[in-house]
Structure formats: structure tokens, C-alpha cells
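Asker: no sequence on this one, just coordinates:
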């Protein structure tokens, strides 16, 4: 797709400095962009690249001051967001054609919206519902009475089991599992007896669920992922967990049963949250941290168990100096012994 | 499904206090249960909820003493187990109808038991065997000569590769993989040469395997999961690992090659076990702990590397006080220096 | 398959000590091998087993000196590699027959090489390419314009999304995902706006990708896995990551966005690498370590954050002695106080 800088500026509500009729054919990172390609300046740290880039145009942040420069600039409030929109225009994704593939298996009682695409080897079970314009890539499984809202995309091999409810404009990546049984067993002597997992998973609008993510259904009631929350690959969400809105959970994080996670939290990769833990809104957790007790909300935490991030930095820094601290302690002991000697 | 309290009591071998003819229509957690719903008291901590719950009946533990209360009570030895059984009755799962779906691909040499359900897009290869009443949900793959016992359930997208043996009443969740190749390579100069992984995986009766779990086949011989062991989502079991009976492995745990894990162990989430490690019966490992050396058995361990849990608690507690300890050390150094000065 | 020791020796370019006409029918571990079975001595530690094994033949390392022994020996430079080759001969894998299964869905524009096997319920999309002799097991998804080189094996349920490029002799295990969207969002107020992930994944020759591994496509450009690199199960590789050649990444490791990993690195299990981190060639990372800053290359590191492995061992050793160190510190404080007292 080709656009003039002027067309792009109109789309982004951007101010142009430079040649408005320059033709833009593609987008690229700042380091790689050539003539005819648009790029963006992620922040002040990259500012010097503005002078060396060969890009045909650069999206920069309003109010950031640069020296004189001969590049075509697009001045916006949020360069990263603007770049995302430019990508949508210059590299449009082609959704697969609507329709039910003859090799998909859709139950006669299932309700499919307008413009739905159900590709080969998908299974849509009895009573299930798929909203307008939603795309099910090959091999997707939609269990009995499950519901997927309009405008959603479910990639190849993902499974949405019985009764689960998925919102609008949700993206579920390949081989993710929504609605697997919660890990609940009652002890019967030394053995375990399975507790039926009869609840569901409810996923809000605009959620993204990574590849091979597993989200367990509630024992009773619902496991809930709030609107706008983004979940990276290989994350585990246990039964009866509740996550708020616009939260971001990085890859390989695990959240154990019945924990409640707030809105706008950001969890690094490989974080672990114990069961029945409450984590308040806006909490940041460093990668690999482990949380076993409630965090009221706000603030950044790291470590196993997690402590305030600044304290963790200080402790971590001393951790590697433990051998030195021990040496100093031993020296003190010797010197003190000398002093304590009669006549010392 | 509707039952009187008397019918439920008979089923659970429970004693009733209250109205035996009360009608129970569903089950719910203690906080949410309303009239017509049965719930259970998980332990003493919840006791005060007994007076505020609106539940139609509450399952309580024999011998726990409560003040006078106007609730209908069912008195049993194991309330959680009783509740699991009530759920089975009040919210019965409907297994899919028996039969081979016309769009499943079952090799002519495969042996299917009575009442087997093989759903759409399943593949059952040459020489494979599926026991009586076992259900294969859509898209399940059963490799050549693999065997699954009776009464098992394999959820959508799971793969059981060639030659692997799965017991009776086993549950395998969506997209789990049984029998992937072990991660074994021989060095040939700077490069790696694949060592053929020619063994199998053997899964005992009554095992549960979570979604997206991966269990590698042995290089030679067998990777073994013992009877009654429960494995949560996204767990990795490497080649030639052996796990005993009635063990519980929480999500995202990884066990490296040739390690031997005992019976009745309980591993928290995100635990890591090195290769060729032996962990004895009844061992408890805290979430996120890492074990690189043998643990003879019994006892609770935490940390990386894992140490006895109590020692870990003490060390962890001092860890965050390292900055304080360092300050005290420095102060001692100064005071000592003053003392050591001539005339100090 | 049966072979004489002489036939095996010729194959391995090995020297025989003992009966060249001994018949070998199978291979087994040193402890389990019986007559008619061949095994190998992994290293000096196992040497005493050479005298007790019942194996029909033992592969040993050239130059290692043993006392006189009545076993049939095959003397080679690299016993493990030799054993791998013996396994290939004695337990040959039977690839599935070539051809496109009538229940596979191959787009008319897809190009399939000679001897390709496309099994039931596979989907090969428009413009995709599959090289000579490559095997796609059931339910594999090959997206639009994706390319897989010759001699590769893709196991059941794996997905290779649009545009991704896979080399020759690559093995991809069940339910792995190549080319899921990178985890990239632009903030728009408190909400997140998806950044289109328009790049690809490029996988070099002779790579192995474990079960349920997730490799995200680049935002722009390529996520790259270099030739000969081996990736274990449940590993997460984020967008725009680049990994060199002959590297080994153990299970459940995660590498965040845009990081660059060298050649011949070895990462233990459950390692975490932050985003935009550079790790040089030949770096070793202990299991569960976390790396947030560049490592120039070479050397072994452990811990969270990772420090040189030897320093970590020392610090870790003192970590569990923290209570003791604190006691000694407190004692010093008391003794010093006594000394400081007038007349002390």
C-alpha cells in the first residue's frame, strides 16, 4: 500500500514538517528504514538516530525539541500509537474470507453471526455462538454453549471449552486453552478425588490471550479476565482467578487459584502468584518475582517473596557482597578479641 | 437436578440436623449460596459464615462444635470430599454420545472398546487401542500402537504419540502432549546430533494431566507417571523421569531428565528439578523452589537451591534486612577503630 | 533389526575387542543391558559397571584404560555419538508413507516437494511451500506463504503461521507455535492499542523446537533461530529475538523482546532473559537464572539477577548462614558495648 505523507498525516491528525507529497510505501525500524519508508522515534535516547536515518519520514513527539534537520517529520502526541496506526494502513492484514469451510463441523444448533469465518477442521458444538465477523482459524474447538463475541480472532488449534464466554474483539492465539478444568481435588485417605469443575471462564472485550496460555474454569462461578487485559504466551491462570481491566501479564507467569488481580497491573515474565492472594490496582511486579501475600495496590515489587522494588535492589546488591561482609565480620571478631585480651 | 436433603444424606452417608425434606437444587460457595443451594464449611476459619449464610444446607465436619444454629446441616467426616460428590450429583457432566464421528480418522487395525466416543478430526493410528467408555474430544491424536485404558477422557487437541501407554480413568486436558521426544543430543564437534528417543511414556490409572503439559518419552525404556498423580497445566516432564503415586505437581513446574520423584510429594508452582535428582516420598517443595541435589524424603523445602523450609524462612527474612545488617557492621567497624586508637 | 558387532563396528568406524561375530539385537542402558544388547560407557564414573554389565557389547572411549575385561568392546572417539548412531540402526524410525491424505486441506497454490507426507486434518494455506521429504503429522497448520525446507518433521498439532520460514531437517514437536503475534501494544490513555505484528519467524537448518514452544513473529523484520540450535519444551521466544547457532535452551526458559543471544550458549531450565538484552557466544546460564543486563560472552552465570556462577555459589552458601551471621554480629555489638563502657 502506498500513501503520501499528507494522507498519513491526515489519518494520524499529525503536523507535517517537510515534503507533504513524499510517497511512503512501507514502515521500518529507525535503524533500517530507507527512502520511501516511515519510522518513528521511540524517545529522547534515539534522538541522534534522527540525523543518520535514511527514512523517508519520521514520526516524532510533539514538544520534543530537535536541532534543525532535513528529514520529513510527522509530529504527533503519541509516536508509538501513531506508528501502530501507520502499520495498520501500510501493511493491512487480510482476514480470511467469510463462510463456513465444508470441512468444518458446526452443530445445527450453533448460532453464527454475519461474516463469520469458520475454517477447516474447526468444531463448533451444540448451542455455541460466534459473533459477527469473528474468525476461527483451522482446528479451533468451541465447546457446547460457549459464546464468542463479534470481531474476535481465534488462531489455529485454540480450544474454548464448554460454557465459556469470550467478549468482542478478543484475540486468542494458537493452541491457547480457555476453560480447562481447575486443579481441584479432595483428599480421600492418601488419594485424591476430583472435584468437578463446573464453572466457566469469562473473557472481557479487547482482551488478548497468547499462544499456549491456559485459563482454567472456576470450580463454581467464573474465572474472569477483565476488558482490555493483555496476556502473553504460556501464562497459567488457575480456577476462580479474577483479573481487572487493562492489565498486562508477561509470558510464563502463573496465577494460582482464587487470586484477585487488579486493573492496570503490569507483571513481568515468569512471575508467580500464590492462591487466594489479592493484588491491588496499578501494581508492578518485576520478572520472576513470587507473591504469596496480599499487596494493597500501587507500587513496584520484586523478589521471592516480593518486597518493594527499591528494597529488593538494595538487598540484591548486598547479596552478592555477602562473602565480603562475612570477611569484614570475621576481621571485626579478631580485632575485638585482641582488644578484649588483658592488656589489649 | 433436584434432591431432598435426605437423598443427599443417604448418598454421603451423612447425619442430618434440620429439615430432611428440604429441596436442594444446586451447590454454591458459602458466601454466595442461597435458599435451595447446598454449600460446605471448609474449616474452622469459616465458622462464623455459618450464621450469616443464606444457604439451604451446609455440609460440616463431624466433631466440630458450633453454637446453636438454625441452618440445615449435613454432618460428615470429610466435607470437601462430600461436596465434590454432591457436585457430581447436582451438576452431572454429560459425556458426549458414544461412537466414531464420520470425520474422525481411525485406522482399520486400531482397537476401540465398547462405548468409546471418538469425535470429529481425531486420528487413531495403526495398532492403537482405546479402552471401553473412553472419550476422545475433537482433534485428539493417538499415535501408532499407543494404548489408552478404559474410562479415560482426552480433551481437544491433546496428542499421545506412538507407543505411549495411558491407564484407566485418566484425564488429559486440551493440547497436552504425551510422548514428545526427550531433549537428548550427542556433541559432534561444536554441533549436536540428535539421539533417537525410542522409549515411551507410561501413565498410571487415575492420573490427571493439565492443559499444555509436555511429557517426553524415554530415550530407552519408560518415562513413568504413577497411579493417582495429578499434574497441573504447563508442567514439563523430561525423558526418563519417574514420578510415584498420589503426587501433586502444581502448574509450570519442570522436572529434568532421569529424575526420580517419590509418592505423595506436593510441588508448588514453577518448581524446577534438575536432572538425575532423587526426591523421596512425601516431600513438599515451596513454589518457585529449585532442586539440584537429592532430597532423601519427607520434610518441606524452599528456595533456589532449596533448603529446609524453616531455614529458608529465617534466611529470607534476613535477606531483606541486609542493608540494615551492613549498616550495623559499618558502625561496629567505626567504633572499633576508635577503641583501637592509642588512647581510645 | 539384527547386526553383528562387525557390521556395527564398520558403521561406527570403531575398533573391536572381543567377538566380532556377536549378534546385537537391541540397545539398552548400561544397568539394564543383557546378552544381545549393546550399550555404552558414558564416562569414567561408570567404569566399574563395565565389569558387572550383562551387555553383549559395550561402546567405550578410545584412550580410556580399563583393566582386563571379558566384555566385547567397541572402541570409538565419541561413545555417546556412536550410541546415537547405533540406535538409529537398531531402532529405525518408520516415517509415515508419502502423499497427501485425502482429509488434509492443501491449497491449490501450495507447492509440495517430492515424497512429502501431509497427514489427515493438516492445513497448508495459499502460497505455502513444503520441501522434499518433509512430514506433516495430523492437524499441522501451515499458514499463508509459510515455507518449510526439505527433510523436516512437524509433529501433530503444531502451527506455523503466515510467512514464517523453517529450514531443512528441522524438527518441530507437537502443539508448538511458530509465528504467534509479538506482545506489542501502544498505550492510548489507560488502554492498550495492538501494534500490528507484521514480521516473521525464520528458523535455520537442523533446529529442534520442543512441544508447546511459542516463538513470536517480529513486529517488523524477523525473529531468528540460528542453525543447529535446540529448544526444549514450553520455551517462550518473544518478537525480534535473535538466537545464534548450535545453542541449547532448556525447558520453560523465556526470552523477552528484541534480545540477542549468541551461538553455542547453554541455558538451563526456567531461565528468564529480559528485553533488549545481549548475551554473547558460549555463555552458560544456570537453571532459573534471570538476566536483565548484557553479558559480553563466555563464562557461567547464575542467580536473579545472574552473577558469575562462582560468586553465586559463594553468596548462596552464605545466604543460608544469614541467621548465624546475624547472631555473630549481635554478639560483637554486645562485646563492643562492654568494652566501650567506662572502665570496660
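Answerer: Cool, the structure landed. Everything numeric here is computed off the predicted structure, so don't read it as measured data.
Asker: now stretch A:3-20, how far from the centre of its chain.
Answerer: 31 Å (Cα atoms, centre = their mean, to the nearest Å).
Asker: Show me which positions of it end up buried.
Answerer: A:3, A:5, A:8-9, A:12, A:14, A:16-17 (16 or more other Cβ atoms under 10 Å in any protein chain shown). Glycine gets a C-beta too; all of them are placed from N, C-alpha and C.
Asker: Redo those as CSV? Include pLDDT, distance to residue B:139 and secondary structure.
Answerer: CSV is the format used below for the buried residues of stretch A:3-20 (pLDDT from 0 to 100; distance: Cβ to Cβ, whole Å; DSSP: H, G, I helix; E, B strand; the rest coil):
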residue, pLDDT, distance to residue B:139, secondary structure
A:3, 96, 42, strand
A:5, 96, 48, helix
A:8, 97, 43, helix
A:9, 97, 48, helix
A:12, 94, 43, helix
A:14, 96, 47, coil
A:16, 95, 52, strand
A:17, 94, 55, strand
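Asker: Looking at the residues you listed, which is nearest residue A:279?
Answerer: Comparing those against residue A:279 with Cβ to Cβ picks out residue A:12 as the nearest, at 36.1 Å.
Asker: Is residue A:154 bridged to anything, and to what?
Answerer: Residue A:154 forms beta bridges with residue A:136, residue A:172, as assigned by DSSP bridges.
Asker: Now do the contacts for it.
Answerer: Residue A:154 makes contact with A:134-137, A:140, A:142, A:148, A:160, A:172, according to Cβ atoms under 8 Å, 6 or more residues apart in numbering or on different chains.
Asker: how about a cut-off of 10 Å?
Answerer: Residue A:154 makes contact with A:118-119, A:122, A:130, A:134-137, A:140-142, A:148, A:160, A:166, A:170-174, A:176, A:178, A:209 under the criterion Cβ atoms under 10 Å, 6 or more residues apart in numbering or on different chains.
Asker: With residue A:2 instead?
Answerer: Residue A:2 sits next to A:23-26, A:36, A:90 when contact means Cβ under 10 Å, 6+ apart.
Asker: mind giving me a markdown table with these and columns for secondary structure, neighbour count and distance to chain B?
Answerer: Shown next, in a markdown table, are the contacts of residue A:2 (DSSP: H, G, I helix; E, B strand; the rest coil; neighbours: other Cβ atoms under 10 Å in any protein chain shown; distance: Cβ to the nearest Cβ, whole Å):
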| residue | secondary structure | neighbour count | distance to chain B |
| --- | --- | --- | --- |
| A:23 | strand | 14 | 46 |
| A:24 | strand | 24 | 41 |
| A:25 | coil | 14 | 40 |
| A:26 | strand | 19 | 36 |
| A:36 | coil | 16 | 41 |
| A:90 | helix | 19 | 35 |
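Asker: how about the residues you listed in a markdown table, adding pLDDT?
Answerer: Below are those laid out as a markdown table (pLDDT from 0 to 100):
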| residue | pLDDT |
| --- | --- |
| A:23 | 96 |
| A:24 | 97 |
| A:25 | 96 |
| A:26 | 96 |
| A:36 | 94 |
| A:90 | 96 |
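Asker: contacts with chain C among these, please.
Answerer: A:26, A:90 (Cβ under 10 Å from any Cβ of the partner chain).
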